[in-house]
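Visitor: Have a look at this prediction, sequence included:
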Amino acid sequence: MSVIISVTLALPPAALHAHNTGGWRSKAGPTKAYREESALLTQQAMRKKRGSYPYENAELSIDFYFPNLKRRDTLNAVQGLKPAIDGLSDAGLIVDDDWKHLSIGRIRSYLNRENPRVCLKITRNKSQNGEAGS
């Protein structure tokens, strides 16, 4: 069975949403903070699950837990996670988030009024060079 590293974060700040009209200056602070939080929590998760890091080839699954039933665009929500995904690499869990090293698995959304969050689950893939299986 593959080792799964799970990292739970607050939902991305509004400044990171795809349709935020602010310029790069308004996004720089929230981007840096979210990326650093992701890296710190990823390092903590790695210490709990001893393994060989970084993963040369990994799959990322994403579970969103939203506070209400407001209609949301799933891919826009994923776009707001870019700094968090960069944090996985900063922490040394994955080599990089390019297509050769990271694939996107399932993306699901749930309702959780009491504890809105996003859970990133990273699994080491057996294929190591971004090559398709037969």
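Guide: Ah, there it is.

Visitor: which residues does the most centrally placed residue in the chain contact?
Guide: The centre of the chain sits closest to Ile85, judged by CA atoms, centre = their mean, with a distance of 4.2 Å. Listed by CB atoms under 8 Å, 6 or more residues apart in numbering, the contact partners of Ile85 are 38, 60, 97, 102, 120. Every C-beta, even on glycine, is put in place using the N, C-alpha and C of the backbone.

Visitor: Please flag which of those residues sit within helices.
Guide: Ser38 (DSSP state H).

Visitor: In strands only, show me the contacts of Ile85.
Guide: Using DSSP state E, the subset of the contacts of Ile85 located in strands is 60, 102, 120.

Visitor: Which of the residues you listed lies at the shortest distance from Tyr53?
Guide: Using CB to CB, Leu102 is the member of the ones in strands among the contacts of Ile85 that lies nearest Tyr53, at 13.7 Å.

Visitor: ok, back up a step: tabulate the contacts of Ile85 in JSON lines, adding columns for pLDDT and distance to Trp24.
Guide: Shown next, in JSON lines, are these (pLDDT from 0 to 100; distance: CB to CB, whole Å):
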{"residue": "Ser38", "pLDDT": "97", "distance to Trp24": "19"}
{"residue": "Leu60", "pLDDT": "97", "distance to Trp24": "25"}
{"residue": "Asp97", "pLDDT": "96", "distance to Trp24": "20"}
{"residue": "Leu102", "pLDDT": "96", "distance to Trp24": "24"}
{"residue": "Leu120", "pLDDT": "98", "distance to Trp24": "24"}
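
Visitor: Next, format the contacts of Ile85 as JSON lines and append neighbour count and distance to Val7.
Guide: Output for the contacts of Ile85, formatted as JSON lines (neighbours: other CB atoms under 10 Å; distance: CB to CB, whole Å):
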{"residue": "Ser38", "neighbour count": "24", "distance to Val7": "7"}
{"residue": "Leu60", "neighbour count": "22", "distance to Val7": "10"}
{"residue": "Asp97", "neighbour count": "16", "distance to Val7": "14"}
{"residue": "Leu102", "neighbour count": "21", "distance to Val7": "14"}
{"residue": "Leu120", "neighbour count": "23", "distance to Val7": "5"}
